[in-house]
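J.: Quick one: sequence and predicted model below, then my questions.
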Amino acid sequence: MRLPPPFIEKRCIVIADRDAVPLSAVISSYLFEPGTYLPLFTFPAVTAPKADGDDIPPEAYLSNAMGGEAATFINNAWARIHGSEYLVLAGLNAEQTSYISIPRGVKVIRIASPTEVREKLGVMPLRDRPELKCRAVDALKGLFAAERAARRLVMDESADPVTDADLTPGGIIVAEQDDVCSVIAVNYAASVGANLRLVPKATKSEIKQIHRSLQAWKQGGDGSQLEIVEEAVIARIGGVSFRDFEYATFFTSGLPYSLVLDNVVPCTYVHLTIRPDLFVFNSIVFENVNTFHSAVIFSPLFFPDEETTWLTRFFHDKNYHVRQLTGPSASFTNLDFTAQHFPYSVLHICSHGGEVDGWEVLEEFVDRNGNTHVIEYDEVVGCDLKVDQDGKVQVHRKAIFRKLDGFEWMSEELWANVPKHVSVDMWKALYQDQRNQLNPRAKRKKRRTIATSCAIKCSDTIHQGELHVLALHTSPLIFNNTCWSWYEVASFFLSCGSRGYIGTLWAIDNDSAILGARTFYENLFEGTVLDAFHKAVNTIATTQSKNIYVFWGLHFTKLSPATTAQDSRSEVFEGLVEGLMGWKQHVENSNSTEGRRNASKIVAALWKELQDNFTPTDVSKLQRRVSRPIRPASREAEYTVTEKEMPTSARRSFDYPTECKSVDELDAVLQSRVRTILADRTPPVP
């Protein structure tokens, strides 16, 4: 029988440098309690301290973007458990610590090495535990053994090797060995009483090969390419009989284990390189938090037969508040605003997906020492074709890096041959220096399909998933029932706080998409999300779409039923009000001019949402709660949000900020993209 979700350890949280594996393992062994999950968060490497305002030095821009984003996510998570008495900083330097907001009264424990752990944690009331010694190379295995035996870990290079723990009935966690994110996987396995198998890390080049092999297998019919995928998986888990377990959860950077296992057991995934700390934490916390009983259904109605109408009726019958974005309403701006700022617990996407066209780009830049470098990347451009009141259109550009100075992007060879400061200077050249223009000296070549450029097709253009929050900073479930939606597009939803994401490994046929979706939702409120997902997978097991679905999530995640339609509507109204007041406060308190401008647009969009979809009585009550009048948005304009931030270091691609240009000023490249979008636009089915 599956155990319930673990409790959250509320005495303290731990924030660790991403590379501090032995230190994080030792700390975890001291703080672990059975049935309890330790909030351990990772912090990226930064080279400059936090700077406020608009005048951030160029060399500090990337650090401030990455550090600020990480600190915001961690602080929001910390607030969800109403803070804690202790804050443990593990291996953080002064620059990293400068980004962390520490509330008054919190006791801070700074630990630099494993030898300091016992003394520094001595200020906390901890149980006395016997030692378990292991070498640093065995820190992950040693941690799991220590947590199972209620012992404290000690690093000792003379210790004997740690063997794998015996497998017992229940669930199994398979974790690829990497940085502190793998410590999180070990802590999670112990907290839910599951088995653990640690396997070799999947490298970035290996993941790229897996993607190419899946594509060659499904689009070219080359069965030998499937064998490449199978070999990568079997090399890691070939000796384990998964039929003996209730479920399996894979902490991976991108290997499709369930495909090779033929889904013989219910399978879930946690992305090892896209904030698994927040993913696990949010999934546990939101199991005990009242979420919105609201669903968003998005479909441009490209298919003559699809699940959209049935699904809308289904959620209405379940007393959910439904926001339906279908036909012309399934536009880029409506998806962008609704996905981020509308309160919901389920977002279902029915559309075309997959890779899109773009350009190969070869661009030179000069670093701080005057040396010239060459960056090779693929570029995808999307345009919101709706002109705003100032005659502007939104232009969204995403660069997917391939090589720097001839070395594969993010490869070991790159870091061995190119100084670290070059990558910082590259971000500055491509992001800050080109904020509102393309480099006219860059060489561009048109490409019909850009690998890993997966997007969601809207009624007017494409959306590449560049989101920064979801459902008013909550943690919803996403079912992206489009083609090739399991990885690239998924990364943005996962990094923004989704606690469940369902996508496809390749192009799904329409009949299977409908059958899979209906089976999933028909069973959604009968047990866990995983139960419903596994039934959906089995329903299409005799079709060409067998094993196509992947579920990024945890085995215990559930969606709660609604009580009444009125209660669900009230939850949405209160959520919108809370979001409005929060963004209004941001406008008043932000030190950044751009931040205030972008927040003001979100405030206007939320105000318009309340005006358009709630009664005058509702809105008048809200007006009295607002200390200062809010200027209503134009009732004819669509929701427009232009705030864009730098990605975390975990993301594999770079998102340019939204650029607003007049239609007449769009350069030839962007005009070409607009013409392509207009030519390819598929009219909605009446």
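T.: It's in.
J.: Return the distance of stretch 264-273 from the chain's centre.
T.: In terms of CA atoms, centre = their mean, to the nearest Å, the centre of stretch 264-273 is found 15 Å from the chain centre.
J.: One more: stretch 217-233?
T.: That offset, for stretch 217-233, works out to 27 Å (CA atoms, centre = their mean).
J.: Give the buried residues for that stretch.
T.: Within stretch 217-233, the residues that count as buried by 16 or more other CB atoms under 10 Å are 217-218, 225-226, 228-229, 232-233. Quick note: C-beta positions are derived from backbone N, CA and C, even for glycine.
J.: same question, stretch 142-157
T.: 142-148, 151-155.
J.: hmm, who's touching the helix or strand containing Val577?
T.: Assessed by DSSP states H and E, Val577 sits inside helix 565-589. Residues from elsewhere that reach helix 565-589 (CB atoms under 8 Å, 6 or more residues apart in numbering): 290, 292-294, 316, 319-321, 341-343, 472, 562, 595-596, 599-600, 602-603, 606-607, 609-610, 614, 618, 622, 625-626, 628, 630.
J.: Give the buried residues for it.
T.: Neighbour-count burial for helix 565-589 flags 565, 568-569, 571-573, 575-577, 579-581, 583-584, 586-587 (criterion: 16+ other CB under 10 Å).
J.: Can I get the helix or strand following it in CSV, CA atoms only?
T.: Using DSSP H and E, the next helix or strand after helix 565-589 towards the C-terminus is helix 593-613. In CSV, the C-alpha atoms belonging to helix 593-613 read as follows (Å, rounded to 0.1, in the frame of the first residue of the first chain):
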residue,chain,number,x,y,z
THR,A,593,11.7,51.3,-13.9
GLU,A,594,11.2,48.4,-16.3
GLY,A,595,9.9,46.2,-13.5
ARG,A,596,7.3,48.8,-12.5
ARG,A,597,6.3,49.2,-16.2
ASN,A,598,5.8,45.5,-16.7
ALA,A,599,4.0,45.0,-13.4
SER,A,600,1.6,47.9,-14.3
LYS,A,601,0.6,46.0,-17.5
ILE,A,602,-0.1,42.9,-15.5
VAL,A,603,-2.2,45.0,-13.0
ALA,A,604,-4.2,46.4,-16.0
ALA,A,605,-4.7,42.9,-17.4
LEU,A,606,-5.9,41.5,-14.1
TRP,A,607,-8.2,44.5,-13.6
LYS,A,608,-9.7,43.9,-17.1
GLU,A,609,-10.2,40.2,-16.3
LEU,A,610,-12.2,41.2,-13.2
GLN,A,611,-14.3,43.8,-15.1
ASP,A,612,-15.1,41.5,-18.0
ASN,A,613,-16.0,38.3,-16.1
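J.: so where is this structure shaky, pLDDT-wise?
T.: Scanning the chain for pLDDT under 70 picks out 1-3, 53-55, 58, 384-391, 431-438, 619-686.
J.: domains for it, by residue range?
T.: The chain is divided into the following domains under automatic domain parsing: 7-283, 289-347+467-544, 358-450+656-680.
J.: got JSON lines for the ones you listed, with distance to Lys558 too?
T.: Formatted as JSON lines, these follow (distance: least, CB to CB, whole Å):
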{"stretch": "domain 7-283", "distance to Lys558": "10"}
{"stretch": "domain 289-347+467-544", "distance to Lys558": "5"}
{"stretch": "domain 358-450+656-680", "distance to Lys558": "34"}
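J.: With respect to burial, which of the ones you listed scores highest?
T.: Neighbour counts (mean count of other CB atoms under 10 Å) averaged over each of those peak at domain 289-347+467-544, with a mean of 21.
J.: Between the two ends of that one, what distance do you get?
T.: 39 Å (CA to CA, to the nearest Å).
J.: Phe525 and Leu559: what is the separation?
T.: Relative to Leu559, Phe525 is positioned 7 Å away (CB to CB, to the nearest Å).
J.: And for Cys383?
T.: Cys383 sits 35 Å away from Leu559, taking CB to CB as the criterion.
J.: One more: Tyr247?
T.: For Tyr247, the distance to Leu559 equals 17 Å [CB to CB].
J.: Please name the nearest non-neighbouring residue to Asn439.
T.: Using CB to CB, 6 or more residues apart in numbering and skipping the chain neighbours, the partner closest in space to Asn439 is Glu363 (5.8 Å).
J.: From Lys445, how far out is the one you found?
T.: Glu363 is 12 Å from Lys445, by CB to CB.
J.: same question, Ile228
T.: According to CB to CB, Ile228 stands 29 Å off from Lys445.
J.: now do Tyr521
T.: Distance from Tyr521 to Lys445, counting by CB to CB: 44 Å.
J.: can you check Phe43 too?
T.: Note on Phe43: its distance to Lys445, by CB to CB, is 39 Å.
J.: same thing with Glu408?
T.: Glu408 sits 19 Å away from Lys445, going by CB to CB.
J.: Go ahead and report the secondary structure state at the residue in the chain sticking out farthest from the centre.
T.: Using CA atoms, centre = their mean, the residue of the chain lying farthest from its centre is Ser158. It sits 40.2 Å away. On the three-state scheme (DSSP: H, G, I helix; E, B strand; the rest coil), Ser158 is labelled coil.
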